[in-house]
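Fold the following for me, if possible:
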Amino acid sequence: MLEIKVLGPGCQNCSNLEKLCREVVAEQNLDAKIDKITDYREIMTFNILSTPGLVINGKVVSAGKIPTKSTLAHWLKEAQ
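Below you'll find the model as predicted:
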């Protein structure tokens, strides 16, 4: 199972990234758990300087931007 974490305080970009993750997971029929992390202390443990952040299976793959749908799909396939 993929473990996906969306890091951010709840801004629009963070919400959009979470929505995009859910769309790609559903479209690809992936077995994944998606968590939204809003606690600043927990976000800081991932050493990102800007949000939204995206963590897949414990690895930070993006910070400060929303990846394209195709890029996100590629990352999730690679992480399986």
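
how about the strands in the chain?
When assigned using DSSP state E, the strands of the chain occupy the ranges 2-7, 32-37, 53-56, 59-63.

Quick one: mean pLDDT for the third one?
Which is strand 53-56. When pLDDT is averaged over strand 53-56, the result is 98.

ok now the helix or strand bottoming out on mean pLDDT in the chain, how far from the chain's centre?
Taking mean pLDDT, DSSP states H and E as the measure, helix 40-44 is the helix or strand of the chain with the lowest mean score, a mean of 94. Mean C-alpha position of helix 40-44 versus that of the full chain (CA atoms, centre = their mean, to the nearest Å) differs by 15 Å.

about what we covered before: can you put the strands of the chain in TSV and add distance to residue 15?
Bear in mind the C-beta positions are built from the backbone N, C-alpha and C, glycine included. As requested, the strands of the chain are arranged in TSV below (distance: least, CB to CB, whole Å):
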stretch	distance to residue 15
strand 2-7	9
strand 32-37	8
strand 53-56	13
strand 59-63	15
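
List the buried residues for the least confident helix or strand of the chain?
Along helix 40-44, these residues count as buried under the neighbour rule (16 or more other CB atoms under 10 Å): residue 43.

Keeping just the C-alphas, turn it into PDB.
Extracted as PDB, the C-alpha positions of helix 40-44 are listed here (Å, rounded to 0.1, in the frame of the first residue of the first chain):
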ATOM      1  CA  TYR A  40       3.500  22.600  11.600                       C
ATOM      2  CA  ARG A  41       5.700  20.500  13.900                       C
ATOM      3  CA  GLU A  42       5.000  17.400  11.900                       C
ATOM      4  CA  ILE A  43       5.500  19.300   8.600                       C
ATOM      5  CA  MET A  44       8.900  20.500   9.800                       C
END
